[in-house]
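Whatever this is, show me its structure:
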Amino acid sequence: MNKIVREHYPASRLPEDLKVGLSEGAMVRVVIEESSALDERRVIAFDGPFSYKPPEGFIPLEETLKSIRDYKARHKPSTTDEEAVRRIRELRDEWDDE
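Numbers count the residues shown, from 1 in each chain. Prediction:
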């Protein structure tokens, strides 16, 4: 895999489109990889210097949390907390008898 890494590279030497949003005199870390060497990894697309486009199939956090709450509301636990503790203590005590 061909990869070039430059630490503490002056941002002033970057092409104009890569300098957008960086402060004057900033130092950056530059990583360049050959696109064929990306091993089919999913790459996050950026439309501009600070805009973010989520990957396909991305589910927002709020929707994920709502789904978890809905699932828990529809599927109650099969046992109470007290029953679970009793079972665990029973198993623990089996080990003490040996």
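
can you give me the strands in the chain?
Taking DSSP state E, the strands of the chain run over residues 3-10, 27-33.

Please convert those to CSV, extending it with mean neighbour count.
Placement of C-beta: from N, CA and C, glycine included. Output for the strands of the chain, formatted as CSV (neighbours: other CB atoms under 10 Å):
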stretch, mean neighbour count
strand 3-10, 10
strand 27-33, 12
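
Figure out which of the ones you listed is closest to residue 61.
With CB to CB as the criterion, residue 61 lies closest to strand 27-33 of the strands of the chain, at 28.0 Å.

orientation of that closest one relative to strand 3-10 in degrees?
Comparing the axes of strand 27-33 and strand 3-10 via axes from the mean of the first three to the mean of the last three CA atoms, to 10 degrees yields an angle of 160 degrees.

rewinding a little: redo the strands of the chain as JSON lines? Include distance to residue 79 and mean pLDDT.
JSON lines is the format used below for these (distance: least, CB to CB, whole Å; pLDDT from 0 to 100):
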{"stretch": "strand 3-10", "distance to residue 79": "52", "mean pLDDT": "88"}
{"stretch": "strand 27-33", "distance to residue 79": "51", "mean pLDDT": "88"}
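
need the contact list for residue 87.
Residue 87 sits next to residue 79 when contact means CB atoms under 8 Å, 6 or more residues apart in numbering.

Report pLDDT for it.
For residue 87, the model assigns a pLDDT of 93.

How much space separates it from residue 35?
As judged by CB to CB, to the nearest Å, residue 87 and residue 35 stand 55 Å apart.

export the strands of the chain to CSV and tack on distance to residue 75?
Output for those, formatted as CSV (distance: least, CB to CB, whole Å):
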stretch, distance to residue 75
strand 3-10, 47
strand 27-33, 44
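
Of all the ones you listed, which one is nearest residue 21?
Among these, strand 27-33 sits nearest to residue 21 (CB to CB), with 11.2 Å.

Thanks again, I'm all set now.
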